[in-house]
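# Okay, here's the prediction I keep looking at, along with the sequence it came from:
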Amino acid sequence: MTGPMSRKLEARIVDYIARRLPDGRDFQLQDVQRIAVGWSHETWLFDLVWQEGGMARRRGLCLRRDPGNTLLRHLSSLEQQFRVLQCLADTALPTPRPYWFEHDPAILDMPFLVMEKVPGVCPSPWGREGRAFYQAAAGRGALPASFTATLASLHTLDWRVAGLDFLGVPAPGTDFARREIAKWRALIDLSGHPPEPILTDLISWLEANAPPVERLTLVHGAYRTGNLLIHDDRISAVLDWELQVLGDPMYDVAYVLSDLNREGTPLLSNLVDRDDFYRDYEAATGFTIDDAVCRYYNALYAMRSVAFWMSASGLYAAGQSDDIRLARTAWSVPVVLERAARELGY
């Protein structure tokens, strides 16, 4: 999943940026790196260097291309990610500043966006080195506090003022949960996977027990270590804007609380003490964490996870992707369903 950028692609990127920055000249890409993160988009990091106004300029950039065979299929849109980042650019939430989005495949063969390369690292929480990184950071205390404060900032920003209503505003009551159920059911149907009785039971339970939403906020949808850029023991940017919705903030809180996002540690997201998280989040937002609602959303995450893995393995089985990681996700479907069955009282 990593490798050098072809000279042809590099030349086309330089040509595109030169048209975007007409006052510059002598453009070059330096320190080019393709990073193997996420399941959806091809991601390149590089430094753009050029001359402008008699001065040398340098800017770190991130380019993401959409190959069209992503895990989330039609639910993954670089254009929507770009719009979200535009809306968030002038809020208190740390996010990469977006520069350009292009839908025309004639430019770089596929839709792409260009955004700021924010300083920081993003260790995977699933590997040994990543877990060691977060364990050490947990002991220092600053990063866990920043993790919680950043989520609180996300949930308390004024999404109406930011212009995020284009994401879709759920109706009062249970509409938010029902929208999510319908979204992930559609992805399951697209996967071509045969019916799973436990999944059918889980969906029926989710539909019968959908909770009403007390307040609507921006919801990230996958707020955890691994989707957060870290610099000097602080969250320098919230990444992975693919699952965001307007909805119940407890949806994000449930994801933080989930056992699925920590391995062999009581620390939430491999980083945060549970009691500290409750205390600091509630103090920063004024919201009370509803454990019963979080348990519901944890079950909804089980459905979503199954949808992810059915979609992923289906893409590989249909020959639409040669990413071996997608093939391996077929193993995860029965694992998640077994866990859901236990939660349903089997």
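Perfect, I can see it now. Residues are numbered from 1 along each chain as shown.
# tell me the mean pLDDT over stretch 309-319?
Averaged across stretch 309-319, the pLDDT comes to 85.
# hmm, I was thinking of stretch 89-102
97.
# how about it: buried residues?
Judged by neighbour count using 16 or more other CB atoms under 10 Å, the buried positions of stretch 89-102 are 91, 93-96, 98-99, 101-102. All C-beta atoms are positioned from the backbone trio N, CA, C, and that covers glycine.
# Next: stretch 127-145.
For stretch 127-145, by 16+ other CB under 10 Å, it's 130-131, 133-134, 137-138, 143-145.
# Out of these, which is nearest to V49?
F133 (30.4 Å; CB to CB).
# Read off the pLDDT value for that closest one.
Looking at F133, the pLDDT reads 96.
# With T2 instead?
51.
# again, but for E338
pLDDT, read off for E338, is 95.
# Show me the strands in the stretch 151-300 of the chain, by range?
Under the criterion DSSP state E, counting those that start in this stretch, the stretch 151-300 of the chain contains strands at 217-219, 228-231, 234-238, 245-247.
# Phi, psi for R328 please.
phi -70, psi -20 (degrees, to the nearest 10).
# What count of nearby residues applies to it?
Neighbours of R328 under the rule other CB atoms under 10 Å: 13.
# contact partners of stretch 49-58?
21, 23-30, 47-48 (CB atoms under 8 Å, 6 or more residues apart in numbering).
# pretty sure D280 is touching T148, no?
Yes: using CB atoms under 8 Å as the test, D280 is close enough to T148 to be in contact (4.5 Å).
# between those two, who's got more neighbours?
Using other CB under 10 Å as the criterion, D280 and T148 rank with T148 on top: 26 against 19.
# How about the contacts made by that one?
So T148 contacts 272, 276-277, 280-281, 284 (CB under 8 Å, 6+ apart).
# Show me which residues of stretch 203-218 are buried.
Buried, per 16+ other CB under 10 Å, within stretch 203-218: 203, 205-206, 210-211, 213, 216-218.
# go on, stretch 117-124?
Here stretch 117-124 shows 117-118, 120, 122-123 as buried, counting by 16+ other CB under 10 Å.
# right, and out of those residues, which lies closest to D323?
C122 (19.6 Å).
# the helices in the stretch 151-300 of the chain, which residues?
Under the criterion DSSP state H, counting those that start in this stretch, the stretch 151-300 of the chain contains helices at 159-162, 175-191, 197-208, 249-257, 274-285, 291-317.
# hmm, back to that, reformat the buried residues of stretch 117-124 as CSV; add distance to V336.
Output for the buried residues of stretch 117-124, formatted as CSV (distance: CB to CB, whole Å):
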residue, distance to V336
K117, 34
V118, 32
G120, 31
C122, 24
P123, 24
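# With distance to N261 and pLDDT added, can I get the residues you listed in JSON lines?
Formatted as JSON lines, the buried residues of stretch 117-124 follow (distance: CB to CB, whole Å; pLDDT from 0 to 100):
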{"residue": "K117", "distance to N261": "26", "pLDDT": "98"}
{"residue": "V118", "distance to N261": "22", "pLDDT": "97"}
{"residue": "G120", "distance to N261": "20", "pLDDT": "97"}
{"residue": "C122", "distance to N261": "15", "pLDDT": "94"}
{"residue": "P123", "distance to N261": "14", "pLDDT": "94"}
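# Find out how far stretch 327-334 is from the centre of the chain, if you would.
20 Å (CA atoms, centre = their mean, to the nearest Å).
# Check the separation of the first and last residues in it.
14 Å (CA to CA, to the nearest Å).
# Spatially central residue for the chain, please.
D240 (2.9 Å; CA atoms, centre = their mean).
# Wait, that one touches N227, no?
Yes: judged on CB under 8 Å, D240 makes contact with N227 at a distance of 4.0 Å.
# what's the burial count for the closest residue to A222 other than its chain neighbours?
Spatial nearest neighbour of A222, chain neighbours left out: L243 (5.2 Å); criterion: CB to CB, 6 or more residues apart in numbering. Neighbour count for L243, taken as other CB under 10 Å: 19.
# tell me the phi and psi of L243?
phi -110, psi 10.
# Show the contacting residues for it.
72, 220-222.
# list residues touching both of D240 and N227?
Common neighbours of D240 and N227 (CB under 8 Å, 6+ apart) are H220.
# per-domain residue ranges of the protein.
7-116, 160-343 (automatic domain parsing).
# Show me which positions of stretch 170-183 end up buried.
Buried, per 16+ other CB under 10 Å, within stretch 170-183: 170, 174-177, 179-181, 183.
# what does the model give the residue nearest to A222 for pLDDT?
94.
# Could you do G54 as well?
pLDDT at G54 comes out at 94.
# what are the phi and psi angles of it?
phi 80, psi 10.
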